[in-house]
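Q: Build the 3D model from these lines:
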Amino acid sequence: MTTILLIVHHKSLRQSLRDWLAIDLPQCRVIEAMDTTAAIGLAQNTVLHTIIIDIDMPQENGFETLHRIHKTAPDVQVVAFGLDETEVRRAGVIEAGATAYLPKSRMQTELIPTLKAA
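A: Numbering: from 1, shown residues only. Take a look at the predicted model:
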């Protein structure tokens, strides 16, 4: 079974993503972390296929979390999302270790196709 790790601080967003993924990707198991420490622990102890991370987490540096996740699980696909829609942000996120970056405004149309393409 494919396992997806959600790293999203906001509980309601994390739950919405989990529910959406359960409907559109029922063959996947979705696990959750609300902060870097929990995410690193799960990445070290779980066989993951994909990580979805909110790069704009409050009180944490999403880029640092992304970098640490990439060091912990370098072969895992990481899809990051955030508010910024610029090419500079996308390039920075990819450079930090993500496989893909999606602005939040395009999550509804692009997340599932991005995950299925992996």
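Q: Now for the closest residue to A22 other than its chain neighbours: which residues touch it?
A: Spatial nearest neighbour of A22, chain neighbours left out: V30 (6.5 Å); criterion: C-beta to C-beta, 6 or more residues apart in numbering. Every residue, glycine included, has its C-beta placed from N, CA and C. Contact partners of V30, counting by C-beta atoms under 8 Å, 6 or more residues apart in numbering, are 3-6, 17-18, 21-22.
Q: could I get the residues you listed as CSV with pLDDT?
A: Output for the contacts of V30, formatted as CSV (pLDDT from 0 to 100):
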residue, pLDDT
T3, 97
I4, 97
L5, 97
L6, 97
L17, 96
R18, 96
L21, 96
A22, 95
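Q: quick one: which of those residues has the most company?
A: Neighbour counts for these (other C-beta atoms under 10 Å) peak at L5, which has 24 neighbours.
Q: my guess is V76 contacts I52, does it?
A: No. Here V76 does not reach I52: they are 10.8 Å apart, not a contact under C-beta atoms under 8 Å.
Q: what about these two, which has more around it?
A: Using other C-beta under 10 Å as the criterion, V76 and I52 rank with I52 on top: 26 against 21.
Q: Now for that one: which residues touch it?
A: Residues counted as contacts of I52 (C-beta under 8 Å, 6+ apart) are 4-8, 17, 78-81, 111.
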